[in-house]
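Asker: from the sequence below, what's the structure:
(chains A and B)
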There are 2 protein chains.
Amino acid sequence: MELKVYGHRASQPSRAIMIFCKANGIEFEEVTVDISKGENRSPEFKEINPMGQVPAIIHGELKLFESHAILIYLASAFPGVADHWYPTDLVKRAKVHSVLDWHHSNLRRGSATYVFYSRLAPVFGLPLNPQAAAEDEKILISSLSIIESYWLQDSGLFLLGENQPSIADLSLVCEIMQLELLDENDRNRFLEPHKKIQQWIENTKNAIKPYFEELHDVLYQLSATLRKK
Amino acid sequence: MELKVYGHRASQPSRAIMIFCKANGIEFEEVTVDISKGENRSPEFKEINPMGQVPAIIHGELKLFESHAILIYLASAFPGVADHWYPTDLVKRAKVHSVLDWHHSNLRRGSATYVFYSRLAPVFGLPLNPQAAAEDEKILISSLSIIESYWLQDSGLFLLGENQPSIADLSLVCEIMQLELLDENDRNRFLEPHKKIQQWIENTKNAIKPYFEELHDVLYQLSATLRKK
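Answerer: A predicted model of the protein is given here:
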């Protein structure tokens, strides 16, 4: 059964899906939906995801959106995905769900909107919005602090004290990587206070070689373009 | 193994957990955390949920927060929970996850914050904030419209065209019930355009008799108090 992944490599949840597939030997057709050109709002794409957001997948009869739901589905439906990505142990699985749910209203909300309003909006033909960015900045700072002091509190290379990554590590690290789009000083201001987060990002890159960096190349290019301007 | 549910019946995700337990014959000790008195920020409660939010559970060694993660854990860990609550079929399960993930940044975000800033803030000693409420109102209106036209588009009594409720129905309907705290005209303004949503709320109440109404009694009382003021 063919798997199609609709996304854009500049989108953090799109990258998480594609990295997951590559790291687990799941073959897929990558269909680029250029969000900077509004392709996500086309009638064709809205047949796949009526919400007009990337990523989305088609697998057989199933059309699915929301990146966490997709990661869980892929980890469950494809044989050969190592257990650490989405543990079968109910207690470990519950904690992965807890991180992923927390992510929605915290790191995702703060980071994605801060990056958009303080930096990315003009790429989409919209003005910057310092007032909105200031609100989101508070959520971002608080979220990073909680990751450093709580989710990474146990010894272990990854979230929840684990020594192998789960889909939660992948989702959250891809989100934090989006800060590459900021001015370098601005990015450093957020990450420099957090030594555990910095180490965890490195651990994630190392654990998912070479796919992690391969899928982030588009982001690094976009970052370089924005920093030149 | 004893289950303790820490929550407050005026909190929509707390009610969802308690209704789920009662509807499935899961015995638990209800520990009321009075959020209007700030008990959720006490050092004792932060030992259970460092984020200082209800609901949270303790089950044996496990401390867990985030209501969706809790619902999934309970549906998986307790034998005898009917399959429709959290389907084992991977495609059906994926769609339940998709609704739950969508909920975080849409209905939950719009509804909870609109109700708070337009009505509930003084209960917590804070001022109303019409400007924030106006932003949240847009998200609430858009979310209700998507539920009516997309998540309830198929025939069937519940979300995704199903004839029995899932944890997604329970979570989202408990959220919408929070609109009871608004002035009656304001509540009706949101719900009257949406006939399918109105019917779905009734279907959910009927499917989870008498627990749904029993657990909403505190909300109805708070609503009456606020409307008298």
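Asker: quick one, helices of chain A?
Answerer: For chain A, the helices defined by DSSP state H cover A:12-23, A:43-46, A:67-77, A:90-103, A:109-115, A:130-146, A:167-177, A:184-191, A:195-207, A:211-228.
Asker: and chain A, which residues reach chain B?
Answerer: Listed as neighbours of chain B in chain A under the rule CB under 8 Å from any CB of the partner chain: A:50-51, A:61-62, A:64-70, A:72-73, A:76-77, A:90-91, A:93-95, A:97-98, A:100-102, A:104-105, A:108-109, A:146, A:150. Yep, even glycine has a C-beta here, placed from its N, CA and C like the rest.
Asker: of the helices of chain A, which is nearest residue B:162?
Answerer: Comparing the helices of chain A by their distance to residue B:162 (CB to CB), the top pick is helix A:67-77, with 16.4 Å.
Asker: what's next to stretch A:183-197, contact-wise?
Answerer: The contact list for stretch A:183-197 (CB atoms under 8 Å, 6 or more residues apart in numbering or on different chains) reads A:118-119, A:140-141, A:144-145, A:147-148, A:152, A:176, A:179-180, A:182, A:198, A:227.
Asker: can you tell me which of those residues are buried?
Answerer: A:118, A:119, A:140, A:144, A:147, A:148, A:152, A:176, A:179, A:180, A:182 (16 or more other CB atoms under 10 Å in any protein chain shown).
Asker: how is chain A divided into domains?
Answerer: A:3-84, A:85-209 (the TED database).
Asker: tabulate those (a markdown table), appending mean pLDDT.
Answerer: Formatted as a markdown table, the domains of chain A follow (pLDDT from 0 to 100):
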| stretch | mean pLDDT |
| --- | --- |
| domain A:3-84 | 97 |
| domain A:85-209 | 97 |
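Asker: what's the closest of those to residue A:218?
Answerer: Using CB to CB, these put domain A:3-84 closest to residue A:218, at 3.7 Å.
Asker: ends of the closest one, how far apart?
Answerer: 22 Å (CA to CA, to the nearest Å).
Asker: can you give me how far that domain is from the chain middle?
Answerer: Relative to the chain's own centre, domain A:3-84 is displaced by 12 Å; criterion: CA atoms, centre = their mean, to the nearest Å.
Asker: next, the buried residues of stretch A:186-198.
Answerer: For stretch A:186-198, by 16+ other CB under 10 Å, it's A:187, A:190, A:191, A:194, A:197.
Asker: and if you look at stretch A:104-114?
Answerer: Here stretch A:104-114 shows A:104, A:105, A:106, A:107, A:108, A:109, A:110, A:111, A:112, A:113, A:114 as buried, counting by 16+ other CB under 10 Å.
Asker: spit out the contact partners of residue A:20.
Answerer: Counting by CB under 8 Å, 6+ apart, the residues that residue A:20 touches are A:26, A:71, A:74, A:75, A:85, A:167, A:170.
Asker: could the residues you listed be laid out in TSV, adding neighbour count?
Answerer: Shown next, in TSV, are the contacts of residue A:20 (neighbours: other CB atoms under 10 Å in any protein chain shown):
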residue	neighbour count
A:26	18
A:71	26
A:74	25
A:75	21
A:85	21
A:167	26
A:170	25
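Asker: distance to residue B:42 added to these, as JSON lines?
Answerer: Putting the contacts of residue A:20 into JSON lines (distance: CB to CB, whole Å) gives the following:
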{"residue": "A:26", "distance to residue B:42": "46"}
{"residue": "A:71", "distance to residue B:42": "35"}
{"residue": "A:74", "distance to residue B:42": "40"}
{"residue": "A:75", "distance to residue B:42": "37"}
{"residue": "A:85", "distance to residue B:42": "36"}
{"residue": "A:167", "distance to residue B:42": "33"}
{"residue": "A:170", "distance to residue B:42": "35"}
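Asker: on that earlier part again, and the helices of chain A: which comes nearest residue B:213?
Answerer: Closest among the helices of chain A, using CB to CB: helix A:90-103, at 27.1 Å.
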